[in-house]
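Q: How does the following fold in three dimensions:
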Amino acid sequence: MTRDEALAWLAQVFEEPAGNVRPDTPRDEIVGWDSLGVLTLMADLDEKFNLQLSENESKDMKSIKDLLAFLEKNGAVSA
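A: A predicted model of the protein is given here:
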């Protein structure tokens with residue numbers, strides 16, 4: 001998956017318009033990045049990529065850039 005595809009996927013996960021989800025977008029500007037959004041994200045990561053995101057990892061993420069870094073580190077997104 002490319003970074004652009006990952007951004008589109010994250011917009012879908014958090015039910016945000018694609019234009020609102022950029023690498024520099026902070027977590028607190030994404031309404032859907034709440035407790036339910038995190039559960040949806042964790043389920044999609046497991047289903048689509050066989051990746052597990054821990055609660056601590058999730059809490060440490062402050063922006064979309066952090067999610068992209070997680071995906072890149074685990075081989076789900078090409079850098």
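Q: Leu67: neighbouring residues, count only.
A: Other residues within reach of Leu67, judged by other Cβ atoms under 10 Å, total 28. Heads up, the C-betas are built off the backbone N, CA and C, glycines and all.
Q: and the gap between it and Gly19?
A: Relative to Gly19, Leu67 is positioned 17 Å away (Cβ to Cβ, to the nearest Å).
Q: what about Asp4, distance to Glu29?
A: Asp4 sits 19 Å away from Glu29 when distances are taken as Cβ to Cβ.
Q: Neighbour count for these two, which is higher?
A: Shown here are Asp4 and Glu29; by other Cβ under 10 Å, Glu29 has more neighbours (14 against 10).
Q: in this protein, which helix or strand is least confident?
A: Taking mean pLDDT, DSSP states H and E as the measure, the chain has helix 55-60 as its least confident helix or strand, at a mean of 90.
Q: Give the other helices and strands that it contacts.
A: With contacts defined as 3 or more Cβ pairs under 8 Å, 6 or more residues apart in numbering; DSSP states H and E, the secondary structure elements packing on helix 55-60 are helix 35-49.
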